[in-house]
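Q: Sequence and predicted structure below; questions after.
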Amino acid sequence: MRARLNRTNIRKLESKRSSYYVSDTDFPAFRVRVTPKGAKTFYLLYRNAKNRQITYKIGTFGEVTPESARDIAEKKMAEIKLGGDPAAEKQESKRQSEQEQFIILRGFIEHKYGPWLLTKWKTGGEIRQRIESTFSSFLDKRLDEVTPWLIEKWRKGRIEQGRAVGTINRDLGALKACLAKAVEWDVINNHPLKKVKPSREDRHGVVRYLSQNEEKLLRAALKVRDEKLKRGRESGNVWREHRGYTPLPVLGEYGDHLTPMILLSLNTGMRRGEVFNLKWADIDFPNETLAIHGHSAKSGKTRHIPLNSEAIDTLKAWQGQQESHKGLVFPGRGGKPFNSVKKAWAGLLADAGIMNFRWHDMRHHFASKLVMVGVDLNTVRELLGHSDFKLTLRYAHLAPEHKAAAVAKLVGGNHA
């Protein structure tokens, strides 16, 4: 079908059940495509150097006038006669534009590294957030503009803010891993931070664990909290019954998830994420063990943890309060895993009068108590799931009797 492609004739073109083309009477390679929905788009039809028929999109009627579209078609045809290929050039321009977008740190994270993190690591979202929040001043820089000098200034600023050396090193490690992928995926040629080393940190520094008195205070605060929650439930049910509402289930030994989570952590050394993702199927009550599967473990390796009597009693008591004994041991809203207990934890520490004690420090408490009662470091390493023995060595100083016994061997025999 042919027609003079001007405004009047194009407006007269009606939509049909399927799309169709109308070629210009004077310039047949210049055409308009009409879709069933009535959209009208200008195209140039030509053959490239490989004799392949190419349909080059010029623009949509309404956004581009027929006169402008015809001018573009004539210019592109002239380029084609001189050996050009508008479609290939357009594709290359698009590719370069995308490459420019990816070479900016923000774009690389948003379009490439971020999506990859989500498929590769269960904490991918947290890693992305860590990079974007910690290095927000770098996001609009090209990847190759993130220089060692900028990192040194950033590191100095973080130290002045009071950030721990370990935290700074982990932040830097996350950024370096991101840039390493940019090199691997040919976004940049060289890693700009390849020679930047982490700051030295004391891996055998002070390990925070609870003193006997602090542990007593923590447990007492847990009991007070549970009793308060149970009284609140009882009072609430009385209110409901007086008004004809169905009462809520009577609470058992625990007011909610917090106490069993904490008691399990103190007796197993499980990481927070491991506790949050623990399932009833992972617990072997007859053999008094639980399994931390590789997909939930930081090391990626499955390990088995023996359960002492308090851990067993805690889990059984908590199980007795649950309607379902399938799925997560500690289900959050909608049956999904918890992602934080910060508010409840902070309130508990305030009630107990305990300062500077993080949730993760319960893991240190578990390991420290084991070492102090004579458990060897390799066993502690296996229970904690450490892949590097150096991480376990931080607890070595808590067994002073071994060092004292070694030094005592120097004394003996005859003295002059």
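A: Nice, I can see it. Numbers count the residues shown, from 1 in each chain.
Q: just the helices in the stretch 151-300 of the chain please.
A: Secondary structure of the stretch 151-300 of the chain (DSSP state H, counting those that start in this stretch): helices at 165-184, 212-242, 258-268, 272-276.
Q: any chance of the ones you listed in TSV, plus mean pLDDT and mean neighbour count?
A: (C-beta placed from N, C-alpha, C; glycine too.) Compiled in TSV, the helices of the stretch 151-300 of the chain are given as follows (pLDDT from 0 to 100; neighbours: other Cβ atoms under 10 Å):
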stretch	mean pLDDT	mean neighbour count
helix 165-184	92	17
helix 212-242	94	14
helix 258-268	95	22
helix 272-276	92	21
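Q: Kindly state which of those helices is positioned closest to residue 64.
A: Checking the helices of the stretch 151-300 of the chain against residue 64 by Cβ to Cβ gives helix 165-184 as the closest, at 37.7 Å.
Q: Number of residues surrounding residue 38?
A: Residues within reach of residue 38, counting by other Cβ atoms under 10 Å, total 10.
Q: Mind checking what secondary structure it has?
A: Assigned by DSSP: H, G, I helix; E, B strand; the rest coil, the conformation of residue 38 is coil.
Q: I figured it hits residue 15, correct?
A: Yes - at 4.4 Å, residue 38 counts as touching residue 15 under the criterion of Cβ atoms under 8 Å.
Q: Now do the contacts for residue 29.
A: Contacts of residue 29 were listed using Cβ atoms under 8 Å, 6 or more residues apart in numbering, and they are 23, 44, 45, 46, 73, 77.
Q: Looking at these, spot the one nearest residue 104.
A: Of all the contacts of residue 29, residue 104 sits closest to residue 44, with 33.2 Å by Cβ to Cβ.
Q: Show me how far the helix or strand where that closest one lies is from its chain's centre.
A: If you go by DSSP states H and E, residue 44 is part of strand 40-47. Strand 40-47 has its C-alpha centroid displaced from the chain centroid by 46 Å (Cα atoms, centre = their mean, to the nearest Å).
Q: Stretch 358-365 now?
A: Stretch 358-365 has its C-alpha centroid displaced from the chain centroid by 22 Å (Cα atoms, centre = their mean).
Q: Outside of that stretch itself, list whatever touches it.
A: Contacts of stretch 358-365 (Cβ under 8 Å, 6+ apart): 207-210, 215, 262, 265-266, 269-272, 341, 345, 384, 395.
Q: let's see 6 Å
A: With Cβ atoms under 6 Å, 6 or more residues apart in numbering as the test, stretch 358-365 has contacts from 207, 208, 209, 210, 265, 266, 269, 272, 345.
Q: returning to that earlier point: list the buried residues in the helix or strand that the strand holding residue 44 is followed by.
A: In the C-terminal direction, the helix or strand that comes right after strand 40-47 (DSSP H and E) is strand 53-60. Neighbour counts using 16 or more other Cβ atoms under 10 Å place 54, 56, 58 of strand 53-60 among the buried residues.
Q: Can I get the following helix or strand past strand 53-60 as PDB, trimmed to CA atoms?
A: Using DSSP H and E, the next helix or strand after strand 53-60 towards the C-terminus is helix 66-81. C-alpha atoms of helix 66-81 as PDB (Å, rounded to 0.1, in the frame of the first residue of the first chain):
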ATOM      1  CA  PRO A  66       6.100  13.700   8.500                       C
ATOM      2  CA  GLU A  67       8.400  16.400   7.100                       C
ATOM      3  CA  SER A  68      11.100  15.800   9.800                       C
ATOM      4  CA  ALA A  69      10.800  12.100   9.500                       C
ATOM      5  CA  ARG A  70      11.200  12.300   5.700                       C
ATOM      6  CA  ASP A  71      14.300  14.500   6.100                       C
ATOM      7  CA  ILE A  72      15.900  12.000   8.500                       C
ATOM      8  CA  ALA A  73      15.100   9.200   6.200                       C
ATOM      9  CA  GLU A  74      16.700  10.900   3.200                       C
ATOM     10  CA  LYS A  75      19.900  11.800   5.300                       C
ATOM     11  CA  LYS A  76      20.200   8.200   6.500                       C
ATOM     12  CA  MET A  77      19.700   6.800   3.000                       C
ATOM     13  CA  ALA A  78      22.500   9.100   1.800                       C
ATOM     14  CA  GLU A  79      24.800   7.700   4.600                       C
ATOM     15  CA  ILE A  80      23.800   4.100   3.600                       C
ATOM     16  CA  LYS A  81      24.900   4.800   0.000                       C
END
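Q: Sweet, I'm off.
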